[in-house]
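Enquirer: have a look; sequence and predicted model below, questions after that.
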Amino acid sequence: MNALLLTLCLALAPQESAGLPTILSMRERAELRDRWLKTRLDTVVPALMRREGIDAWILIAREYNEDPVVKTMLPADWLNARRRTILAFFGPGDGEGVERMAVARYAVGDLFPGAWDKEKEPDQWKRLAELIAERDPKRIALNVSKTFALADGLSVAEERALRAALPEQYKKRVVPGENLAIGWLETRTADELEVYPTICRIAHDVIAEGLSNQAIQPGFTTTADLEWWYRERIRELKLVTWFHPSVSVQRATGQSHSGTFVDESDVDTIHRGDLIHVDFGITYLGLNTDTQQHAYVLRAGETDAPEGLKRGLAAGNRLQDILMSKFVEGRTGNEILAAALSQAKEEGIRPTIYTHPLGLHGHGAGPTIGLWDQQDGVPGKGDYPLHRATCHSIELAAAVDVEEWGGQEVRIMLEEDAVFDGEVCRFLDGRQTAFHLIP
């Protein structure tokens, strides 16, 4: 084991004294991410181009107006595209790898060799057209999509300029690259999946810190206070979040509150007997988490949450099991949704399912499995099929009537991150099966 790999393994191992896994330095993160990126470019792109029957994939971006896919192909020390950056993939031949290049003023690190010398050919578009003509691809994919924003990164102006530069015979060979773009974004490599559970564990540990007396003083702390506690804690760890944390409460009086969706003047205070809900995610090593968990604030004399709430959590866990059992390679998101809802209702659960892909983006690329307000299926995004080596945020809710709260309906809203390996769907770092208890 070389020194760098040993350092990375030790850094990612749990630190018993601190609780949290060690967070890598920025330099260590960059080295790891660049290694991952090279592996992805060497393996994922050729496999996808073969799967989709594509001979050339052209990605075009300008500084501060990056194609979302281009953004994920830049080295760690490239925070944005430079001037106009054109990334081109040609191939794959029979058993051959994909030829990749940057038709740009600069090579893109050592991943995309430069293929345009401005002094020899001042016109960037003409040079791209020459490269295409030399390789004579039968199908040329561009990132254009009516359905997926993440696959629709080619701007109108850049597409017009490209088409104007292409000889007529190649204009007819241009096809949408939607499935290439989504496939690139959704596919996780073995290296990424080895580390992803640790990223989820960091998120779980930070959630647990916040759902404790370390951050909550009943009768004083507000939902907004806790949201901002999470923001500060993330920054202390030299991490970032991809959305503002959300904290809400349900209580026996029938009142509920979400610190995200109400006026600031209506900020609520957390009290004893409250059921607290947290929606929280981090971005680390280019991968995202998305988690929702619950805590119960014990009343005087209580040692556990009311049985009715615990039955609700059990119903939520059962709904997770049902949904994940419906993950079958090739099924669409809408097919998975319908099958899971049908079985859940047969078992007496009152379900809502709104699960989404997860990875390089929080609301990631891949099949949408319901939206909270679209339980009959999601046209377009829900019609995309499930592929192996993909990650998903298992997001859902089970409604229950809590006897101890006078039969009041309570929604147990859960979200945990999982991977589908082609055979089974499993959680990356476990799930919540018992409430966090705040004394």
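Expert: Structure's in. What do you need?

Enquirer: so where is the protein shaky, pLDDT-wise?
Expert: 1-18, 92-96, 254-267 (pLDDT under 70).

Enquirer: write down the beta-bridge partners of the residue nearest in space to the middle of it, one by one.
Expert: Nearest residue to the geometric centre of the chain (C-alpha atoms, centre = their mean): residue 358, 2.6 Å. Under the criterion DSSP bridges, residue 358 forms beta bridges with residue 391.

Enquirer: wait, it sits on residue 364?
Expert: Yes. Residue 358 lies in contact with residue 364 (C-beta atoms under 8 Å); the separation is 4.9 Å. Just so you know, the C-beta spots here come from the backbone N, C-alpha and C atoms, and that holds for glycine as well.

Enquirer: give me the common contacts of these two.
Expert: 288, 391 (C-beta atoms under 8 Å, 6 or more residues apart in numbering).

Enquirer: with only the CA atoms kept, save stretch 232-246 in PDB.
Expert: Output in PDB follows, covering the C-alpha atoms of stretch 232-246 (Å, rounded to 0.1, in the frame of the first residue of the first chain):
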ATOM      1  CA  GLU A 232     -22.300  26.500  11.700                       C
ATOM      2  CA  ARG A 233     -21.400  22.900  12.600                       C
ATOM      3  CA  ILE A 234     -20.900  22.000   8.900                       C
ATOM      4  CA  ARG A 235     -18.500  25.000   8.400                       C
ATOM      5  CA  GLU A 236     -16.600  24.000  11.600                       C
ATOM      6  CA  LEU A 237     -15.900  20.700   9.900                       C
ATOM      7  CA  LYS A 238     -14.800  22.400   6.700                       C
ATOM      8  CA  LEU A 239     -17.700  21.000   4.800                       C
ATOM      9  CA  VAL A 240     -20.600  22.500   2.900                       C
ATOM     10  CA  THR A 241     -24.300  21.700   2.500                       C
ATOM     11  CA  TRP A 242     -26.200  21.700  -0.800                       C
ATOM     12  CA  PHE A 243     -29.400  23.000   0.800                       C
ATOM     13  CA  HIS A 244     -30.300  24.900   4.000                       C
ATOM     14  CA  PRO A 245     -31.200  22.400   6.700                       C
ATOM     15  CA  SER A 246     -34.800  22.200   7.600                       C
END
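
Enquirer: which positions within it qualify as buried?
Expert: 233, 234, 239, 241, 245, 246 (16 or more other C-beta atoms under 10 Å).

Enquirer: of all these, which comes closest to residue 54?
Expert: residue 241 (35.1 Å; C-beta to C-beta).

Enquirer: ok, the closest one - contacts?
Expert: 230, 231, 234, 280, 281, 282, 283.

Enquirer: ok, now how distant is the third one from residue 244?
Expert: Read that as residue 234. 11 Å (C-beta to C-beta, to the nearest Å).

Enquirer: all strands for the stretch 101-250 of the chain, in order.
Expert: Taking DSSP state E, counting those that start in this stretch, the strands of the stretch 101-250 of the chain run over residues 140-142, 174-176, 246-250.

Enquirer: nearest to residue 385, of the ones you listed?
Expert: strand 174-176 (16.4 Å).

Enquirer: strand partners (parallel or antiparallel) of the closest one?
Expert: Short version: by DSSP bridges, strand 174-176 pairs with strand 140-142 (parallel).

Enquirer: quick revisit: so which two of the buried residues of stretch 232-246 are the farthest from each other?
Expert: Checking those with C-beta to C-beta, the most distant pair is 239 and 246, at 17.6 Å.

Enquirer: any idea how far residue 385 is from residue 115?
Expert: Taking C-beta to C-beta, one finds residue 385 at 34 Å from residue 115.

Enquirer: comparing the two, which residue is more hemmed in?
Expert: In this view residue 385 and residue 115 are compared by other C-beta atoms under 10 Å, and residue 115 has more residues nearby, 18 against 15.

Enquirer: what is the burial count for the residue nearest to that one when sequence neighbours are not counted?
Expert: Closest residue in space to residue 115, ignoring its immediate chain neighbours: residue 101 at 3.9 Å, by C-beta to C-beta, 6 or more residues apart in numbering. Counted with other C-beta under 10 Å, the neighbours of residue 101 add up to 19.

Enquirer: sec struct for the nearest residue to residue 103 once chain neighbours are set aside, please.
Expert: In this structure, residue 103 finds its nearest non-sequential neighbour in residue 86, 4.0 Å apart by C-beta to C-beta, 6+ apart. Using DSSP: H, G, I helix; E, B strand; the rest coil, the secondary structure recorded for residue 86 is strand.

Enquirer: in the sheet, who's paired with residue 86?
Expert: Beta-bridge pairing of residue 86 under DSSP bridges involves residue 60.

Enquirer: and the gap between it and residue 102?
Expert: 7 Å.

Enquirer: neighbour count winner among these two?
Expert: residue 86 (25 against 20).

Enquirer: list the contacts for the more buried one?
Expert: Contacts of residue 86 (C-beta under 8 Å, 6+ apart): 58, 59, 60, 61, 102, 103, 104, 124, 128.

Enquirer: so the second one makes contact with residue 69?
Expert: Yes. Look at residue 59 against residue 69 with C-beta under 8 Å: they come within range, at 6.0 Å.

Enquirer: overlap in contacts of the two?
Expert: 143, 153.

Enquirer: so which of the strands of the stretch 101-250 of the chain gets nearest residue 198?
Expert: strand 246-250 (24.1 Å).

Enquirer: now that closest one: buried residues?
Expert: 246, 247, 248, 249, 250.
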